[in-house]
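Student: fold the following for me, if possible:
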Amino acid sequence: MQIPYELALGWRYTRAGRATRRNGFISFISGVSMLGIALGVAALIIVLSVMNGFQKEVRDRMLSVVSHIEIFAPGGAALPDMARTMAEARRNPQVVGAAPFVAAQALLARGEDMKGVLVRGIDPAHEAEVTELASANAAAVAQLVPGEFRVVLGVELARALGVRTGDAVTLIAPSGQVTPAGVVPRLKQMTVAGTFDSGHYEYDSALVLLHHDDAQRIFRLEGPTGIRLKLKDLHQARAVAYELAGSLSGDLLIRDWTQQNKTWFAAVELEKRMMFIILTLIVAVAAFNLVSTLVMTVTDKRADIAILRTLGASPQSIMGIFVVQGAMVGVIGTLSGLLLGLAIAVNIDVIVPAIEHLLNASFLPKDIYLISKMPSDPQTSDIAPIAVISLVLSFLATLYPSWRASRVNPAEALRYE
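Tutor: Prediction:
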């Protein structure tokens, strides 16, 4: 099968300068444009992959503590019919686990030290169905026996209060009891049964776990204040919450995991969008370097264009030659950038430690950042638009120089040849 001469000439002009010195400078600019596109595409893939990795890492650590969906009564009251609500929730095919809980706020004291805490009363027998925290700390959670008033503290909270396993702490409920001497806060001495380390500072520094029966007695509740659910697919949490809102009986509130940290997730998405726009400008600048490359190529090839026109080449064929040349640079640069970006993104857990060892530095100190390793999560939904945008910009950059080439007057171009 014969290759169209437009394609053959376009590819030959792309490689111009390797055999002759005359077009070496044009070939150099063409190579710079190709390199710029490749680096821009690679930078986009690497940055977005790292941001996806950070988001996934933080999300997974957060979901090891919080459930996918929470069902609770308004005002922090006890659920009117927990058994019925749990049975109705389990009917949804997406629900794979359910557990009751009691949520409240209190003060935790140890000597003169006092911290505001989030109290979560759990059922140790079912808590592992909804969060990984219970299964990862099974020994400590198993010690939460009703009536023993034991607690499991976040590791940062225990460190701040200076307590260890077996020490006594005092839980102070916000609503007091009325006595002849006035309103006296309710105090209860608790025993530390263990600690947990979720890797999420917000929960490690403020969360207290105890048995839900003990929590009900301390906060004077008639039953659990809500039910926590785990789904097959965490990304379907919002849709499942909407379905449950229409299927559950009673006046209940439903909240999915995206709403619990809505501001953080919105900030990450906005940052990803802005980084995509900013780094796309790098690809755009490199792509539009093709304009100068093709303009100089057209000027250098005026005699060739004129000869082709006299041999019967149409203006569309001339335009096609230079479109092919620019498109080749864009395609090669984009593919090179994809390969380079994916190679770095997939192996970033090896590359970054090697650079840290070489420079004797730490990019993510454990005592400052939430995670100590550079995560990466390349996603097709990010990579495909990057490749398409790079190819489209490269193609658009070829149109004007190619159109100018098709307008070259053969007689004028050959006058001084």
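
Student: centre of the chain to stretch 169-178, how far?
Tutor: Using C-alpha atoms, centre = their mean, to the nearest Å, the mean C-alpha position of stretch 169-178 is found 40 Å from that of the whole chain.

Student: no wait, stretch 65-85
Tutor: 29 Å.

Student: give me the mean pLDDT for that stretch.
Tutor: The average pLDDT for stretch 65-85 rounds to 83.

Student: so for that stretch, what gets flagged as buried?
Tutor: By neighbour count on 16 or more other C-beta atoms under 10 Å, the buried set for stretch 65-85 is 65-73, 78-79, 82, 85. Every C-beta, even on glycine, is put in place using the N, C-alpha and C of the backbone.

Student: in strands, which of the residues you listed appear?
Tutor: 69-72 (DSSP state E).

Student: so which of those is the closest to residue 343?
Tutor: Using C-beta to C-beta, residue 69 comes nearest to residue 343 of those, at 39.0 Å.

Student: and for residue 124, the neighbour number?
Tutor: Residue crowding around residue 124 was assessed by other C-beta atoms under 10 Å; the count is 21.

Student: tell me if I'm right that it and residue 137 touch.
Tutor: No: in this structure residue 124 lies outside contact range of residue 137 using C-beta atoms under 8 Å: 10.4 Å.

Student: to which secondary structure element is residue 40 assigned?
Tutor: Assigned by DSSP states H and E, residue 40 belongs to helix 24-63.

Student: tell me the SS of residue 171?
Tutor: Under DSSP: H, G, I helix; E, B strand; the rest coil, residue 171 falls in the strand class.

Student: ditto for residue 255
Tutor: strand.

Student: which residues touch the closest residue to it other than its chain neighbours?
Tutor: Distance criterion C-beta to C-beta, 6 or more residues apart in numbering; nearest residue to residue 255, sequence neighbours excluded, is residue 70 at 4.9 Å. Residues counted as contacts of residue 70 (C-beta atoms under 8 Å, 6 or more residues apart in numbering) are 101, 226-229, 254-256, 260.

Student: just for this structure, where's the confidence low?
Tutor: 1-2, 5-6, 10, 13-27, 176-184, 365-372, 411-417 (pLDDT under 70).

Student: which elements pack onto the one helix or strand residue 388 maps to?
Tutor: Per DSSP H and E, residue 388 falls inside helix 380-406. Here helix 380-406 touches helix 24-63, helix 262-300, helix 315-346, going by 3 or more C-beta pairs under 8 Å, 6 or more residues apart in numbering; DSSP states H and E.
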